[in-house]
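J.: got a sequence here, can you build the structure:
(one chain, ligands or ions: 1)
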Amino acid sequence: MSKIDEKLQPVLDEVLRRNAGEAEFHQAVHEVLESLGRVVAKHPDYASDALIERICEPERQIIFRVPWVDDTGQVQINRGFRVQFNSALGPYKGGIRFHPSVNLGIVKFLGFEQIFKNALTGMPIGGGKGGSDFNPRGRSDGEIMRFCQAFMTELHRHLGEYTDVPAGDIGVGGREIGYMFGQYKRLNNRYEAGVLTGKGLAYGGSRARTEATGFGLVYFVQQMLGTKGTSLDGKRVVVSGSGNVAIYAIEKVRQFGGVVMACSDSNGYILDENGIDLDLLKEIKEVRRERLSEYVRIKKSGAHYIEDGSIWDVPCDIALPCATQNELTAKDAATLIKNGVMAVGEGANMPSTPEAVALFQNGGVMFAPGKAANAGGVATSALEMQQNASRDSWSFEQTEERLAQIMRNIHDNCAATAEEYSAPGNYVLGANIAGFVRVAEAMRALGVI
Ligand code: GLU
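T.: Model prediction:
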């Protein structure tokens, strides 16, 4: 990773010392501090009152035991986390991830990113993140419900519509949010709709929330391509992942006239020369909850399944990493550049390694970082909170139009900030600085808290 400003080096040193071994958290902090050098050079007052040190230290970190009983009657133990990182702009807001890789460092990196992402949306939401090392794969519906109930039995005391509002992330979708909402309601004896987002439409959810992260990503990329006088129309696109973000990114790319050639899961990727069959993909992933290899078993012509290969070997004009952190390495970036990629938009959180980002930026590839490009999900969560607070429910069109407008604003704000700090076209710098400035202004106004 490249060097950071000498004024900020002690801040990073302290983060590394105090959070030993949390590699992803170090990476996320490093990237933001790298961008802030230009801010403290221009406005030294931002470096006063330990403001940046305070932003790097979570307001509160909760770790708890989650005991539950599986279908065979065995007691299982998982670890639950909620990192309430920053509430200067509003209640803590951010998803919950269920995946065996979850640990405190992962939750902290996600919570830290969330602060700036949420600030960029312009909505009144602070930053937080949670999760568990629970592995939902292969678990029955009853096991999922009992786990969600056990998780919420401990977490509920830390939540509230004015305190902390979780949502989904990897391994947590509409079904899990429903079970967690049910348990929260039972424990509190309150129908507090705004305490969770990503709820079902039957009980207080927002239209377009399911689609929002993927749709928002593609709106952002379309806007970014527009600055170079081009668009998604006729472009070959590769989307990694096949979860909620990937599925709705694929849908919106198609609406904008692009062709999505490939998508993946953690076992391999599918390549469909006719363009991914979205209805089949949704059936496999959302209804049957099966692996992607099923796709080629059902669709025999034109589709191939490549086990263990890297999806980034597939030549494309636009790459949308929508799977998980650090999935796109320097080697992958070099292959994409060699194959002529023109733009990369991150649908996942921090999917490109720092070395990959540097290669894209130095190679003249347009690069949209996750904290700006995937902010449509959390922005629509904030729209869900608005609807809950006013006991209202908006149409799909109205909600999607708000999302599209928010994504245009985020894009333009990042682009203008990059310009202001003499780095035109550098969306990483633009996103980090614009997000930071909004949080920093609020924190200064609130005093040393
Ligand atoms: N997990 C999503 C994210 O990474 C959504 C969070 C939310 O809606 O609160 O932004």
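
J.: and stretch 125-141, what's its mean pLDDT?
T.: Stretch 125-141 comes out with an average pLDDT of 98.

J.: and the ligand, is it touching that?
T.: No - using CB under 6 Å from any ligand atom, stretch 125-141 stays clear of the ligand, coming no nearer than 7.6 Å. Glycine gets a C-beta too; all of them are placed from N, C-alpha and C.

J.: dump the residue contacts of the closest residue to the ligand within the stretch 51-200 of the chain.
T.: Closest approach between the stretch 51-200 of the chain and the ligand, counting by CB to the nearest ligand atom: residue 95, at 2.6 Å. By CB atoms under 8 Å, 6 or more residues apart in numbering, the residues touching residue 95 are 110, 129-130, 166-169, 172, 198, 378.

J.: how about it, secondary structure?
T.: Secondary structure, DSSP: H, G, I helix; E, B strand; the rest coil: residue 95 is strand.

J.: is residue 367 located within a helix, as I assumed?
T.: No - remark: residue 367 does not belong to a helix; assigned using three-state DSSP, it is strand.

J.: ok, the residue lying closest to it once chain neighbours are set aside to residue 368 distance?
T.: Using CB to CB, 6 or more residues apart in numbering and skipping residues adjacent in sequence, the residue nearest residue 367 is residue 360, 4.5 Å away. Separation of residue 360 from residue 368 (CB to CB, to the nearest Å): 10 Å.

J.: who touches both of those two?
T.: residue 344.

J.: more neighbours: which of the two?
T.: Neighbours were tallied for residue 360 and for residue 368 using other CB atoms under 10 Å; the higher tally belongs to residue 368 (26 against 21).

J.: which strand residues bridge the more buried one?
T.: Taking DSSP bridges as the rule, residue 368 bridges to residue 345.

J.: which parts of the stretch 251-400 of the chain sit against the ligand?
T.: Residues of the stretch 251-400 of the chain lying near the ligand (CB under 6 Å from any ligand atom): 349, 377-378, 381.

J.: farthest-apart pair in those, please.
T.: 349 and 381 (14.7 Å; CB to CB).

J.: neighbour-wise, which of the two wins?
T.: Applying other CB under 10 Å to residue 349 and residue 381 shows that residue 381 carries more neighbours, namely 29 against 26.

J.: so which helix or strand takes in residue 425?
T.: According to DSSP states H and E, residue 425 maps onto no helix or strand at all.

J.: which of the contacts of residue 95 fall within strands?
T.: 129-130, 166-168 (DSSP state E).

J.: which one of those residues has the most neighbours?
T.: residue 129 (31 neighbours).

J.: who's in contact with that residue?
T.: Taking CB under 8 Å, 6+ apart as the test, what residue 129 contacts is 82-83, 85, 94-97, 107-108, 110-111, 114, 169.

J.: cool, thanks, talk later.
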